[in-house]
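**Student:** could you look at this predicted model? Sequence included:
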Amino acid sequence: MRQKTGRVYLVGAGPGDPGLITLKGVDRLRQADLVLYDDLVHPAILKHAPPRAELVCLVHIPHKRGLNQEDINARLVAAALQGKIVVRLKGGDPESFDRSADETEALDRAGISWQAVPGVTAAMAAASLAARPLFGVRILVTRPGEQAEALAELFSDLGAEVRYQPAIEISEPADWGPVDHALQRLDQYQWLVFSSSNGVCFLLNRLEEKHGDLRKLGNIRLAAIGPGTAAELRRYRLCADVVPDPYRAEALAEALAPGARGWRFLLARASRGREVLAEKLVAAGALVEQVVVYRSIDVEKAEPEVASALAAGRIDWITVTSSVIARSLARLFGEDLRRAKLASISPITSEAIRRLGFEPAVEAAEYTMEGLVRAIAQGARGL
């Protein structure tokens, strides 16, 4: 019995924003057995393809001859002859594909059915530009895990095209022993101090899992380095007694120093970071104990598609939200970091960027994720 011939769909992915692919384009992706896509296509669009689908990136390599069009044509034909549903995915609209005529002619010669699925063009999307000031701006988010998704959503809501490249990974401490020992003696501390939202999550989750519930915090007072950390405390129905302004270790130390002499402070911290908070509290006469409640680990290798996009100048902005991330990005990308604008979350981070030999294009006036988004939006508009 003759094998059933497949079908090819030439799908326009739109002008870059993953939210602007058409419903018909999404439907065709959900049917796909094979997706041949250009590296300009936003990675989030590929999530519409089923897990079984083979995803093949037709990567553009800077300064080298492009991919052979005949090979692409042959791959389309061969897959369809095997009975596969094939999606040829490219930015913009199929009618504007540079070599779409070559591909459709090859399909016609082989007797393979194909269909073009129009995409949203840049002109059509421009109508939403006023409400989306970052429309078409390509931003690389470098925070780890769920934190990256939350920041990316802020950018996407303003129309940006977002890529992900975590510069660090967050994990449990290598040894919970010191943390557990401190949690068993919570009644001995007057202050519990958090310098990040990660610290809140790891410490309080450990407290609930291994040492009872949050009532063990008793009368201990809570300090948070900034509004993001304070917001994380509120998720546990806890309220920070102190949140400094500006949101940095020096300001937090200044807020806690008066009357600190003789009081016991427990600082929940990362495996690496600045010592300024502990040093200033000790100088003020406080009794300070620090416990590592999570590890910050550098990502060893950049995603090839991200490295290629940066090298080719197809990333406009890179977010830098800590000194640790700045150092990891310099190691991951080296001189290619100069091909995009660096957006710093704070003066401390900007200082770290400069020590690495780079210059931030913008610095957030308010040292929060929202402040960073505003800085990039203003920078993109040339304000």
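**Tutor:** Yep, that arrived. Residues are numbered from 1 along each chain as shown.
**Student:** who does the helix or strand hosting L192 pair up with?
**Tutor:** Using DSSP states H and E, L192 falls within strand 191-194. Paired with strand 191-194 in the same sheet, following DSSP bridges, are strand 221-224 (parallel), strand 264-270 (parallel).
**Student:** what number of residues lie near Q184?
**Tutor:** 12 (other Cβ atoms under 10 Å). C-beta coordinates here come from the backbone N, C-alpha and C atoms, glycine included.
**Student:** what about it? Give its phi and psi, please.
**Tutor:** Note on Q184: its backbone torsions stand at phi -70, psi -10 [degrees, to the nearest 10].
**Student:** just checking, Y294 touches E169?
**Tutor:** No: using Cβ atoms under 8 Å, Y294 is not in contact with E169; the gap is 10.4 Å.
**Student:** more crowded one of the two?
**Tutor:** Applying other Cβ under 10 Å to Y294 and E169 shows that Y294 carries more neighbours, namely 21 against 14.
**Student:** what's near enough to touch that one?
**Tutor:** Going by Cβ atoms under 8 Å, 6 or more residues apart in numbering, Y294 touches 170-173, 198-199, 201-202, 270-271.
**Student:** can we see that at 6 Å?
**Tutor:** Y294 is in contact with 170, 198, 202, 270, counting by Cβ atoms under 6 Å, 6 or more residues apart in numbering.
**Student:** same deal with S156?
**Tutor:** V162.
**Student:** from A49, how far out is it?
**Tutor:** 20 Å (Cβ to Cβ, to the nearest Å).
**Student:** T142 too?
**Tutor:** 26 Å.
**Student:** these two - which one has more neighbours?
**Tutor:** T142 (25 against 22).
**Student:** test my guess that that one contacts A167.
**Tutor:** Yes: between T142 and A167 a contact is recorded at 4.4 Å, counting by Cβ atoms under 6 Å.
**Student:** would you map the helices across the stretch 151-300 of the chain?
**Tutor:** For the stretch 151-300 of the chain, the helices defined by DSSP state H, counting those that start in this stretch occupy 177-183, 197-210, 227-235, 249-256, 276-283.
**Student:** possible to save those helices as TSV with distance to I348?
**Tutor:** Converted to TSV, these look like this (distance: least, Cβ to Cβ, whole Å):
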stretch	distance to I348
helix 177-183	26
helix 197-210	17
helix 227-235	15
helix 249-256	8
helix 276-283	9
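**Student:** looking at those helices, which is closest to E303?
**Tutor:** Nearest of the helices of the stretch 151-300 of the chain to E303, taken as Cβ to Cβ: helix 197-210 at 22.5 Å.
**Student:** how far off centre is the closest one?
**Tutor:** Offset of helix 197-210 from its chain centre (Cα atoms, centre = their mean, to the nearest Å): 23 Å.
**Student:** for it, name the packing helices and strands.
**Tutor:** In terms of contacts (3 or more Cβ pairs under 6 Å, 6 or more residues apart in numbering; DSSP states H and E), helix 197-210 is packed against helix 227-235, strand 287-298.
**Student:** next, the buried residues of the first one.
**Tutor:** Applying a neighbour-count criterion of 16 or more other Cβ atoms under 10 Å, the buried positions in helix 227-235 are 227-230, 232-233.
**Student:** now swap in the longest one and tell me
**Tutor:** Neighbour-count burial for strand 287-298 flags 287-288, 290-296, 298 (criterion: 16+ other Cβ under 10 Å).
**Student:** the bottom helix or strand of the protein by mean pLDDT?
**Tutor:** helix 122-125 (a mean of 59; mean pLDDT, DSSP states H and E).
**Student:** in three-state terms, label the nearest residue to G91 once chain neighbours are set aside for me.
**Tutor:** Excluding its sequence neighbours, the residue lying closest to G91 (Cβ to Cβ, 6 or more residues apart in numbering) is L40, at 4.6 Å. Here L40 is coil, with the state taken from DSSP: H, G, I helix; E, B strand; the rest coil.
**Student:** how far away is L40 from G92?
**Tutor:** Taking Cβ to Cβ, one finds L40 at 9 Å from G92.
**Student:** repeat for F358
**Tutor:** F358 is 33 Å from G92, by Cβ to Cβ.
**Student:** cool, and K84?
**Tutor:** Noted for K84: a distance of 24 Å to G92, by Cβ to Cβ.
**Student:** what does S156 give?
**Tutor:** 19 Å.
**Student:** residues in contact with A53?
**Tutor:** 32-33, 35.
**Student:** tell me how many other residues surround E146.
**Tutor:** 10.
**Student:** hang on, it is in a helix, isn't it?
**Tutor:** Yes: assessed with three-state DSSP, E146 lies in a helix.
**Student:** and the pLDDT at it?
**Tutor:** Predicted confidence (pLDDT) for E146: 72.
**Student:** tell me the phi and psi of A302?
**Tutor:** Dihedral angles (degrees, to the nearest 10) for A302: phi -70, psi 150.
**Student:** next, the closest residue to it other than its chain neighbours: secondary structure please.
**Tutor:** The spatially closest residue to A302, leaving aside those adjacent along the chain, is L332, at 4.6 Å (Cβ to Cβ, 6+ apart). Following three-state DSSP, the label given to L332 is helix.
**Student:** which residues touch the nearest residue to H42 once chain neighbours are set aside?
**Tutor:** Leaving aside its sequence neighbours, H42 sits nearest to P18 (Cβ to Cβ, 6+ apart; 4.5 Å). P18 is in contact with 42, 44-45, counting by Cβ under 6 Å, 6+ apart.
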